[in-house]
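Student: Next comes the sequence, and after it the predicted model I'd like to discuss.
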Amino acid sequence: YFIQSNLRYRMFSAPEPKDQNTVFYQIYPTDSLSNLEDLRFQCLKLLSDDLDVIWNAESFSLELKEATTLPHLCGKLWFDNSVDDEWYVVWLLQKLSKLIPVVIKVWDDDGCFLLIEAADVIPSWLTPDNSDNRLLIFQGRCVLIPLPTTPAEMVWLPQNMVSIEQAIECAQKVSQHLEINKAIDLKIQHFPNRNLHKIRCHLPMPLIHALTSNPSLISPLISAYLHSDNREIQHVIKNRQLNWGDTLDTNIEVTRCQYAQLYSQRIGTISAWPHLPVGHVDHQAHDLGVKIACGAEIVLAIADGNYQVDKEFSNYINRLKSIGYFDDKLEGSRAFTELMKKAEVFFQATRTEGSETSYTINSFKLKSLVTEANDSPSLCETYRDIANVQESDNDAWMDEIPSDVQKWFVNSRKANKIDSDSNHCEMTDVPEDSSNVSKDNLDDLNFKLNGFIDKISSHEGAEVPGIDLNVDDFMECLRDFRDQVDKAAANAELSESDDTSSICSESEEEMKEYMQELEEQLRGTTMSESFAKDGTGELDIDFNLVSNVLNSFSAETGLNGPASSVLASLGVHLPRDEDIGT
């Protein structure tokens, strides 16, 4: 929020829907007599090696849907900001459909994103109104159910809306769509290799043991930090469970999306953690380390006082032992540990929607490993003895635009004849040393903010508590003024006479009249007192705009927020207090 007295401008969208950034999938066996429990076990067994990866948010799971006309397996995965996870799910489902006789439907909150990806090659008759259930995955390929073109095809091919029953039957008869599959293959051809980024970071010793034993635990730690606020962080630091005095450099792997978010999220100075200046050779390692450590403290706090999932998992492992799953392997050995990891993946993948979340399950995993490290000081010392820390991977990829994206932008501009100078504000380069904010800097900031408001902002986000303001009349007033300005601009372009100056002066007079009328309506409220005025008593719009943005930026205390997000989108990077101090 940008807050000025009773007036609040909401600069971010409404809360995300529950299923936003979520991929959904349904797996239908072609044999209606298949046992769903056996099918789920078979699916997870075939994919077990590919599921033990670092997910950005949630992991792949399957549950039974028996109480329907078509019993099937289904699942959903919240990938948050990592689209790579969504496409990895597509790769998993295609692999699965090659190995067992199933027909699979996959979509996300945008609809059938496979068709969106192949938008350049789909047939012209395909529209959002008739596309539902027309694209499925069968035998490792995407099949598109076409419209009938002959009387014989009209017997078995649907003409309009397609039910899922019709889709499953037709998918087994039609051929794959070569062009669509070619477009999809370009997105998933690098799998099962993941775009991971190795980082060097400074962490407490028990946390190093936990992440070495279970590298996938890094995801809930990063997620916990990214979705926390300053008060939560201060609370867990005050009641921390890790020994922040015993730390060591180590290497861990994260997804590129996680690294970009972790790197970009700013954190204020924490007294319990050594603060190194920005130019220090170990600054980034300490900066990343304290963020991960804060996330770990949040996850550990979740595990306290809740033993339901821990007990359920113990019972699950005991059942596996009773049926000989571990084959008398010595507990703690490498073979036993590998089997245990696969068992954990299966247990987590078979969690139903009504049970504890994977986030809670991971909190108990972390708690167990941290406790193990605290109870065995010699175990932590082994990491100190064998430490062979490498530098972080090059992160220049964050500043690169993939060549295919660049080509798409160029072709799009040519096709639509877009004049880039007239459609978006030109962002000037920001000097690396931004600690000296001069009048020119503020003028430039004011120019960009005005451009942002003209092109992006909307009246729908404004909240004016306690003020009786007729929004419809106000917007009608603004529309009338805009029409007048547009007419004046059109006349100015068509005429080269000296009348241009008089038209502009008339527009300025009309603007003053509107502003005076608005001030009269607000005169009986306290709102007008909250705005700064210039020497003539007129409202200084530019000063108020820049002042409010800077105050909001300062109130974020180093964390990401609406002000820093807006400024970053405009190419403006203001220094933090701690940066100025260094």
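Tutor: All right, it came through fine.

Student: elements contacting the helix or strand hosting residue 564?
Tutor: Counting by DSSP states H and E, the element that carries residue 564 is helix 562-569. Secondary-structure packing of helix 562-569 (3 or more Cβ pairs under 8 Å, 6 or more residues apart in numbering; DSSP states H and E): helix 439-455, helix 541-555. All C-beta spots, glycine's among them, are computed from the backbone N, C-alpha and C.

Student: can you tell me which of the ones you listed the model trusts least?
Tutor: The minimum mean pLDDT among the helices and strands packed on helix 562-569 belongs to helix 439-455 (a mean of 61).

Student: what ranges do the strands span in the stretch 201-350 of the chain?
Tutor: Assignment of strands within the stretch 201-350 of the chain using DSSP state E, counting those that start in this stretch yields the ranges 247-255.

Student: Quick one: low-confidence residue ranges for it.
Tutor: For the stretch 201-350 of the chain, the stretches with pLDDT under 70 are 304-314, 348-350.

Student: how does it look with 50?
Tutor: Residue ranges of the stretch 201-350 of the chain with pLDDT under 50: 305-310.

Student: where exactly do the helices run in it?
Tutor: For the stretch 201-350 of the chain, applying DSSP state H, counting those that start in this stretch gives helices covering 205-213, 218-226, 230-238, 256-264, 283-303, 308-322, 334-349.

Student: between the first one and helix 334-349, how many degrees?
Tutor: This means helix 205-213. Counting by axes from the mean of the first three to the mean of the last three Cα atoms, to 10 degrees, helix 205-213 lies at 90 degrees to helix 334-349.

Student: which parts of helix 205-213 are buried?
Tutor: In terms of neighbour count (16 or more other Cβ atoms under 10 Å), helix 205-213 has its buried residues at 205, 206, 207, 208, 209, 210, 211.

Student: Same check on the third one?
Tutor: Taking 16+ other Cβ under 10 Å as the basis for neighbour counts, the residues of helix 230-238 that come out buried are 232, 233, 236, 237.

Student: out of these, who's nearest residue 139?
Tutor: Among these, residue 232 lies closest to residue 139 (Cβ to Cβ), at 48.2 Å.

Student: Isn't the closest one up against residue 298?
Tutor: Yes: at 6.6 Å, residue 232 counts as touching residue 298 under the criterion of Cβ atoms under 8 Å.

Student: okay, now residue 41: neighbour count?
Tutor: By other Cβ atoms under 10 Å, the residues close to residue 41 number 14.

Student: Quick one: mean pLDDT for the helix or strand harbouring it?
Tutor: Element membership for residue 41, per DSSP H and E: helix 36-51. Averaged across helix 36-51, pLDDT comes to 91.

Student: helices or strands up against it?
Tutor: Contact here means 3+ Cβ pairs under 8 Å, 6+ apart; on that basis helix 36-51 packs against strand 22-29, strand 63-65, strand 72-78, helix 83-99, helix 334-349.

Student: Give me the angle between the first one and strand 72-78.
Tutor: Regarding strand 22-29 and strand 72-78, their directions subtend 160 degrees when assessed with the same axes, to 10 degrees.

Student: quick one: buried residues of strand 22-29?
Tutor: 22, 23, 25, 26, 27, 28, 29.

Student: and it, C-alpha only, in CSV?
Tutor: Coordinates of the C-alpha atoms in strand 22-29 are reproduced here as CSV (Å, rounded to 0.1, in the frame of the first residue of the first chain):
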residue,chain,number,x,y,z
THR,A,22,-1.3,-25.0,-10.6
VAL,A,23,-1.2,-27.9,-13.1
PHE,A,24,-3.9,-30.5,-13.0
TYR,A,25,-3.8,-34.0,-14.5
GLN,A,26,-6.1,-37.0,-14.8
ILE,A,27,-5.0,-40.5,-15.8
TYR,A,28,-7.7,-42.8,-17.3
PRO,A,29,-6.9,-46.5,-17.7
